[in-house]
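# Sharing a model that was predicted from the sequence below.
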Amino acid sequence: MTAAKPRIFVSRKLPQAVEERLQRDYEPHFNPDDRLYSGDELIAGAEQSDALLICHTEHLDAGLIERLPGHLRAIANFSVGVDHVDLTAAKARGFVVTNTPDVLADATAEIAMLCMLGAARRASEGERMIRAAEWNTWSPAFMVGTQVTGKTLGIVGMGRVGLVTAKRARGFDMVIHYHNRQRLPSDLEAGATYHETLEDLLPHCEFLALHCPATATTEGLLNSERIALLPDRAIVVNTARGSVVDEQALIDALRLGKLGAAGLDVYRNEPHIDPAFAQLPNTFLLPHIGSATRETRDAMGFRALDNLDAIFAGSEPGDRVA
Ligand code: 8YV
């Protein structure tokens, strides 16, 4: 008799190749309609499963983790960010938690560059004008934005995504400054200037890109006091998490012209974001699509499955976060 395959509760619809591998190696419970499950449905799914394979749309707070069945072995995330899972609570219950680092750095850095360019060159305004058939003039003063080439870029969080963004930005002759918990070795730094504190970094940043994880330490990191330290008309880009920004402070600074523009892919309370962002002319807004390429979504799924494979083979998964 062959051993029963581990049962995996898959919370969202995943790429076809990933679901095929799940079907081959596991006993998966799929969500073909890609419905958002309630907490009760996640618990019910977990009752019938050996592991959960979830996205950042599933919020596993301490209360929910307390209700998960003791037989559950693992929570594999289809994401690099794990702020939607209370890691301390999961660890206390003995659940192995994994994420999918590395594989989304290129895709997310592309979106950081898009946000930077889109915000600086007023791409949203131009797009909307054409789509509304309102383009009826041209003059030397028309749609004048900020040049990206040669400007200083401050990167907060020089992890995998931050490093790729720095590399891409160098293609625009940008001068890189960064703040990170630790200074990088010089080969990774590649000439970038390290600042031990954010306060030291911010006055240098004509552009500021946020690439740090959402943690208790980074909650509201970009607040009004820190925005005040940026050069006037600086441009802020966030492809990390909405929670690292005090959104009201950002909106006020955009409204008052302290900041020139913002390019945002992430927000607090997604997808019900603060409507003020869409009312401001100087924002370039995307709906959390940092990792949304076919290549990357496949790679994220395979990485999550590599982690599950290791766990059910009795070995240490490569990307254990709890
Ligand atoms: C995805 C992300 O939307 O991986 C992350 O942390 O923010 C994203 O790019 C998410 O992974 C889907 O669960």
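Sure thing, it's come through. Numbering: from 1, shown residues only.
# okay, CA-based contacts and neighbour counts for the rest of this
OK.
# need the residues of the stretch 151-300 of the chain near the ligand, please.
Residues of the stretch 151-300 of the chain that fall close to the ligand, judged by C-alpha under 6 Å from any ligand atom: 290-291.
# OK, contacts around the residue of the stretch 151-300 of the chain found nearest the ligand?
Nearest residue of the stretch 151-300 of the chain to the ligand: Ser291, at 4.0 Å (C-alpha to the nearest ligand atom). Each residue near Ser291 by C-alpha atoms under 8 Å, 6 or more residues apart in numbering is listed here: 104, 107-108, 297.
# So for stretch 197-213, mean pLDDT?
Averaging pLDDT along stretch 197-213 yields 98.
# So for it, first residue to last residue, what's the gap.
Length of stretch 197-213, first residue to last, C-alpha to C-alpha, to the nearest Å: 17 Å.
# residue contacts, the spatially closest residue to Lys151 that is not a sequence neighbour?
Leaving aside its chain neighbours, Lys151 sits nearest to Met174 (5.0 Å; criterion: C-alpha to C-alpha, 6 or more residues apart in numbering). If you count contacts by C-alpha under 8 Å, 6+ apart, Met174 has them with 148-153.
# ok, and the most crowded of those residues?
Leu153 (29 neighbours; other C-alpha atoms under 10 Å).
# For that one, give me phi and psi.
phi -120, psi 120 (degrees, to the nearest 10).
# Next one: it from Leu230, what distance?
Counting by C-alpha to C-alpha, the gap from Leu153 to Leu230 is 11 Å.
# any shared contact partners between the two?
204-206.
# need the strands for the stretch 101-250 of the chain, in chain order.
152-156, 175-179, 193-194, 207-210, 234-238 (DSSP state E, counting those that start in this stretch).
# What is the last one packed up against?
This points to strand 234-238. Secondary-structure packing of strand 234-238 (3 or more C-alpha pairs under 8 Å, 6 or more residues apart in numbering; DSSP states H and E): helix 105-120, strand 207-210, strand 259-264.
# Could you list the residues in contact with the helix or strand where Ala44 lies?
If you go by DSSP states H and E, Ala44 is part of helix 39-47. Applying C-alpha under 8 Å, 6+ apart, the contact partners of helix 39-47 are 9, 11, 52, 64, 67-69, 72.
# 10 Å instead, please
By C-alpha atoms under 10 Å, 6 or more residues apart in numbering, the residues outside helix 39-47 that reach it are 7-11, 29, 36-38, 49, 51-52, 54, 58-61, 63-65, 67-72, 75.
# Would you mind giving the helices and strands packed on strand 234-238 as JSON lines with mean neighbour count added?
Shown next, in JSON lines, are the helices and strands packed on strand 234-238 (neighbours: other C-alpha atoms under 10 Å):
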{"stretch": "helix 105-120", "mean neighbour count": "23"}
{"stretch": "strand 207-210", "mean neighbour count": "26"}
{"stretch": "strand 259-264", "mean neighbour count": "27"}
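# and the contacts of helix 39-47, which are buried?
7-11, 29, 49, 51-52, 54, 58-61, 64-65, 68-69, 72, 75 (16 or more other C-alpha atoms under 10 Å).
# Take the residues you listed and keep only those in strands.
7-10, 29, 51-52, 54, 75 (DSSP state E).
# any low-confidence regions in the stretch 101-250 of the chain?
Of all residues in the stretch 101-250 of the chain, none has pLDDT under 70.
# That one: helices as residue ranges?
Secondary structure of the stretch 101-250 of the chain, counting by DSSP state H, counting those that start in this stretch: helices at 105-120, 123-131, 160-170, 186-189, 198-201, 224-229, 247-256.
# and the ones you listed, which is most packed in?
Most buried of the helices of the stretch 101-250 of the chain, by mean neighbour count (mean count of other C-alpha atoms under 10 Å): helix 105-120, with a mean of 23.
# tell me the angle of it relative to helix 160-170?
50 degrees (axes from the mean of the first three to the mean of the last three C-alpha atoms, to 10 degrees).
# close to the ligand, is helix 105-120?
No: Helix 105-120 is not in contact with the ligand by C-alpha under 6 Å from any ligand atom; minimum separation 6.9 Å.
# and that helix, what does it pack onto?
Under the contact criterion of 3 or more C-alpha pairs under 10 Å, 6 or more residues apart in numbering; DSSP states H and E, helix 105-120 touches helix 123-131, helix 160-170, strand 207-210, strand 234-238, strand 259-264, strand 283-285, helix 294-312.
# what angle do the longest one and helix 105-120 make?
Calculated by the same axes, to 10 degrees, helix 294-312 forms an angle of 140 degrees with helix 105-120.
# Could you list the buried residues of helix 294-312?
Applying 16+ other C-alpha under 10 Å to helix 294-312 flags 296-309, 311-312 as buried.
# Taking the centroid of the protein, which residue is nearest it?
Ala240 (3.9 Å; C-alpha atoms, centre = their mean).
# OK, contacts around that residue?
81, 108, 112, 156-157, 161-162, 209-214, 264-267, 288, 290.
# Can you give me the distance of the nearest residue to Ala278 once chain neighbours are set aside to Gly118?
Among residues not flanking Ala278 along the chain, Leu285 sits closest, at 7.6 Å (C-alpha to C-alpha, 6+ apart). Using C-alpha to C-alpha, one gets 9 Å for the distance from Leu285 to Gly118.
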